[in-house]
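> The sequence isn't on hand, but the structure is:
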Ligand SMILES: [Zn+2]
Ligand SMILES: [Zn+2]
């Protein structure tokens, strides 16, 4: 299983010399199975570049999973060029919550007067499947969802293939129980022994004084989860819009220092758009 990171920024895309290393695009991650299945998680602005790659390689079938419907996780969808190509098939997955379907949520990103091209102009064949609590499979990859602690709710996913596991929990506030969310212990169990855990690490303790209840975690709380679950690698994710490369390097160093101080084998890194992890 190969994980390619296309966007790791939280809330809003950013650009500038201070964001070159970790990138400015919002959430988009690609999981490639050993059989070559393309499983995309979230349609943040990182989806644009992934779409260009899919076109260049002639890929005609992708699965697109959603964590939740906040803008930063949807806004890349109208710029995903394969949707305008006949002969392409796109399978959508996600928990629709109060909406009728994931497709209905997505179609609103292209609604007048907010966007010039209507959802009806899409040429690809689009299917939509609601997944909230039960496990499902795409090719050889087994996928298990879990509810997140986030305003308006959301789901995280665990991907398993050939005994390797990747747990992706973004937009998750570990220290506050939101409507529909799970307990800390449930996240530890869900992430137990993960080869790779990528988790929301948006805030510092100081920032969190002002942002409690907004649905994101302090990076040391996310690290605590990685350590308690004995994850082999912990990727800091959903980078704050003000977090420069230099600032983020410091958070990563701090995580590695804490993990080493506890004698843990967990290795920490900041998720960088344009890089990949092979499991
Ligand atoms: Zn977000
Ligand atoms: Zn969110």
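Arrived safely. Since this is a predicted model, take the numbers as computed values, not measurements. Residues are numbered from 1 along each chain as shown. Ligands and ions are numbered 1, 2, ... in the order given.
> Nearest spatial neighbour of residue 77, chain-adjacent residues omitted?
By the measure of C-beta to C-beta, 6 or more residues apart in numbering, the closest residue to residue 77 outside its immediate chain neighbours is residue 43, 4.1 Å from it. C-beta here means a position set from N, CA and C on the backbone, and glycine is covered the same way.
> In contact with the one you found: list those residues for me.
By C-beta atoms under 8 Å, 6 or more residues apart in numbering, the contact set of residue 43 is 28, 64, 66, 73-77, 80, 106.
> Equivalent analysis for residue 67, please.
Contacts of residue 67 (C-beta under 8 Å, 6+ apart): 27, 41-42, 73, 94, 148, 154-157, 168, 170-171.
> Torsion angles phi and psi at it?
phi -90, psi -40 (degrees, to the nearest 10).
> Kindly report the same for residue 218.
The phi/psi pair for residue 218 (degrees, to the nearest 10) reads phi -70, psi 140.
> coming back round to it: of the contacts of residue 67, which ones also sit close to ligand 1?
residue 171 (C-beta under 5 Å from the ion).
> hang on, the earlier thing: restricted to strands, list the contacts of residue 43.
Judged by DSSP state E, those include 28, 64 as members of strands.
> Neighbour-wise, give me the winner out of the contacts of residue 67.
Highest neighbour count within the contacts of residue 67: residue 27, with 34 neighbours (other C-beta atoms under 10 Å).
> quick one on the thing from earlier: nearest to ligand 1 among the contacts of residue 67?
Closest approach between these and ligand 1, by C-beta to the ion: residue 171, at 4.5 Å.
> so that closest one touches residue 237, yeah?
No - taking contacts as C-beta atoms under 8 Å, residue 171 lies outside contact range of residue 237: 9.4 Å.
> Next, show the common contact partners of these two.
Common neighbours of residue 171 and residue 237, counting by C-beta under 8 Å, 6+ apart, are 10, 200.
> Is residue 105 in contact with residue 95, as I believe?
No - if you go by C-beta under 8 Å, residue 105 and residue 95 don't touch, sitting 10.1 Å apart.
> Overlap of the contact sets of these two?
residue 66.
> coming back round to it: export the contacts of residue 67 as JSON lines, with columns for pLDDT.
JSON lines is the format used below for the contacts of residue 67 (pLDDT from 0 to 100):
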{"residue": "27", "pLDDT": "98"}
{"residue": "41", "pLDDT": "98"}
{"residue": "42", "pLDDT": "98"}
{"residue": "73", "pLDDT": "97"}
{"residue": "94", "pLDDT": "95"}
{"residue": "148", "pLDDT": "97"}
{"residue": "154", "pLDDT": "95"}
{"residue": "155", "pLDDT": "96"}
{"residue": "156", "pLDDT": "97"}
{"residue": "157", "pLDDT": "98"}
{"residue": "168", "pLDDT": "98"}
{"residue": "170", "pLDDT": "98"}
{"residue": "171", "pLDDT": "98"}
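> Rebuild the contacts of residue 67 as CSV, extending it with secondary structure.
Below are these laid out as CSV (DSSP: H, G, I helix; E, B strand; the rest coil):
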residue, secondary structure
27, coil
41, strand
42, coil
73, helix
94, strand
148, coil
154, coil
155, strand
156, strand
157, strand
168, strand
170, coil
171, coil
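> With respect to residue 84, which of the contacts of residue 67 is nearest?
Among these, residue 42 lies closest to residue 84 (C-beta to C-beta), at 19.8 Å.
> Pretty sure the closest one sits against residue 66.
Yes - contact criterion C-beta under 8 Å: residue 42 and residue 66 qualify, at 6.1 Å.
> which residues are common contacts for those two?
73-74.
> For the protein, just list every one of the strands.
2-7, 28-32, 38-41, 61-65, 89-94, 125-130, 136-138, 141-147, 155-161, 164-169, 196-200, 233-237, 267-270, 276-278.
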